[in-house]
Structure formats: C-alpha cells, structure tokens
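J.: Give me the fold of what follows.
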Amino acid sequence: MHHSIQIRNLTFSYPDGHPALEDVSLMIQPCEKVALVGPNGAGKSTLILHLIGILNGQGQIHVAGLDLNEKNLGKIRARVGLVFQSPDDQLFSPTVFDDVAYGPLYQGLPASEVKSRVKEALEVVRMGDYIERVSHHLSMGEKKRIAIATVLSMKPEILVLDEPTAGLDPRARRTLIRLLDELPITMLVSTHDLRMVRELLPRMVIMDGGRIVADGLTADLMENQSLLEAHGLEKP
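T.: Below you'll find the model as predicted:
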C-alpha cells in the first residue's frame, strides 16, 4: 500500500528570496489524520500549496500513489480535496447544488452520476436539505460544510483543510469536528485550534520557520509544555 503523502527534502523560497520551506520531509499513511500546527509564517500554507502543485519547490513529492509532476497534476488534484480557510474562495455558483456539482461535472461524469454524488456529499456533511439553497445566504458554518462537500463530491483520497474551525461559533465548530471525525479518509489539517487537534487528530506535526520541528503523537506533544511554548503554541 502506498503512502498517501510522501514529501522528501522539500525546500522552497519565494521570488524575493525569502525561504519558506527548508528541507521538509513528511510521510502520511492512508486514513491517518494529521494536524499541521505552528505560528503564522511557519510555512504551513506553503506546504499545503505544494501538495496540489500550485507552488513548486526543490524536493520530491508523492501524493496518492503518484509522483507530483506536470503529467500527473490533473490526477493528483482529483485525488486531493483542498478546503480553503475562507469558504467564499470555494463557493461561487448560484446554488448549493451547482457548487457541489462543479467538480464531478468538470471531471466529465454523466448527469445521473453527478446528481447522486452531489446528494451523497451533502448527506455526509448533513446538508441534504440545502441542495436548492443559494450559497451566499448561508451562515459561516453552513458554508464551511458546503465547501467540504464540494471536494467530497470528487471522491478524493486525501482531504487537506486550512483552518477549518476559523470563524465558527461553538455549535458550528462542534458539528464540523464530529463530521471530520466520521470521515474515513486521509486528512491533513492546518490549524491554530489545538483543542480540535487534541480531539480529532492523533498525530501532530509542528512547523516553525519553514522546518518541521516536531512530529509525533498529539497526546505526547501536548504534554511537552516547553516545546509548545517555544513555537508559539498554547496547551489547550
């Protein structure tokens, strides 16, 4: 069985020469749920954008059984569902149905298959009743769930989420965590929400200054007060 994500010696600098990633290596197994934490500017978002080939650094990246290269890019983007921090970056169609149908339609699936995928993805995020609704009238929590449905409808092997609980009220946050907990899928979650990490993500990778400074069981790393403090994290 292949690793879901395999990154070896990834280094990346922005055009102004500012190094954003330095010699990052990370292996994630199928169905593993991993937190990516660290202060702002640690390189978390930069790392995520490498997984779908939006940024290209030096090093080797292997995603969902494929080498990340020009030839495989389309396949990889179909297998990696990226959910942005702001759902408004993801939702742009007139109705919820159109938003969730976009990926499968783009993949060229027949209308009947698209319909069933949309229904299924919305059921998974408990939004089945919203199929006819207008996306921009929804609450932040509802939009987040719809944004997740837009990637689940493409049946990805890997779900990558950037700050999924940001901007959610407690009830919406609770609903989202429960939902993510039930998904039997590889998950990489970049977040500042360490309470969610403790509850949902058994493994934690701490980044700081473009490097991975710790990688281990969440339960163990959470007990290491000095490690957390050294990297701007507070034990929940």
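
J.: what residue ranges in this structure score low on pLDDT?
T.: Residues of the chain meeting the criterion pLDDT under 70: 1.

J.: Secondary structure element holding the residue nearest to the spatial centre of the chain?
T.: Nearest to the mean C-alpha position of the chain, counting by CA atoms, centre = their mean, stands residue 160 at 1.6 Å. Using DSSP states H and E, residue 160 maps to strand 158-162.

J.: quick one, what contacts residue 31?
T.: Listed by CB atoms under 8 Å, 6 or more residues apart in numbering, the contact set of residue 31 reads 4, 184, 185, 186. Using the backbone N, CA and C atoms, a C-beta is placed for each residue, glycine as well.

J.: that older thread, by contact count, what packs against the strand holding residue 160?
T.: On a contact count with 3 or more CB pairs under 8 Å, 6 or more residues apart in numbering; DSSP states H and E, strand 158-162 meets helix 44-51, strand 80-83, helix 140-152, strand 186-190.

J.: what's the closest of the ones you listed to residue 214?
T.: Ranking the helices and strands packed on strand 158-162 by proximity to residue 214 (CB to CB) places helix 44-51 first, at 13.7 Å.

J.: just the angle between the very next helix or strand once past that closest one and strand 158-162, please?
T.: Under the assignment DSSP H and E, the closest C-terminal helix or strand after helix 44-51 is strand 58-63. Per axes from the mean of the first three to the mean of the last three CA atoms, to 10 degrees, the angle that strand 58-63 makes with strand 158-162 is 120 degrees.

J.: now strand 58-63 and helix 44-51, what's the angle there?
T.: 70 degrees.

J.: Only the buried residues of strand 58-63, if you could.
T.: Of the residues in strand 58-63, those with enough neighbours to count as buried (16 or more other CB atoms under 10 Å) are 59, 61, 62, 63.

J.: Same list, the residues you listed, but as CSV with distance to residue 108 please.
T.: As requested, the buried residues of strand 58-63 are arranged in CSV below (distance: CB to CB, whole Å):
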residue, distance to residue 108
59, 32
61, 26
62, 26
63, 22
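
J.: Can you tell me which of the residues you listed lies closest to residue 169?
T.: residue 63 (33.7 Å).

J.: which residues touch the residue nearest to that closest one when sequence neighbours are not counted?
T.: In space, and not counting its chain neighbours, residue 63 is closest to residue 76: 5.1 Å by CB to CB, 6 or more residues apart in numbering. Under the criterion of CB under 8 Å, 6+ apart, the contact partners of residue 76 comprise 51, 52, 53, 63, 64, 66, 68.

J.: In CSV, could you pull the C-alpha coordinates for stretch 157-165?
T.: Only the C-alpha atoms of stretch 157-165 are listed here, as CSV (Å, rounded to 0.1, in the frame of the first residue of the first chain):
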residue,chain,number,x,y,z
GLU,A,157,-8.3,10.0,-1.3
ILE,A,158,-6.9,12.9,0.8
LEU,A,159,-8.6,15.8,2.5
VAL,A,160,-6.5,18.9,3.2
LEU,A,161,-8.1,21.6,5.3
ASP,A,162,-6.7,25.0,6.1
GLU,A,163,-8.1,26.4,9.4
PRO,A,164,-11.4,24.6,9.2
THR,A,165,-12.8,25.9,12.5
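
J.: re the thing from before, and which of the contacts of residue 31 is nearest to residue 97?
T.: The shortest distance between residue 97 and any of those, using CB to CB, involves residue 185 and amounts to 22.8 Å.

J.: just checking, the closest one touches residue 161?
T.: No: here residue 185 does not reach residue 161: they are 11.1 Å apart, not a contact under CB atoms under 8 Å.

J.: Comparing those two, which residue is more hemmed in?
T.: Neighbours per residue (other CB atoms under 10 Å) separate residue 185 from residue 161, with residue 161 holding more: 24 against 18.
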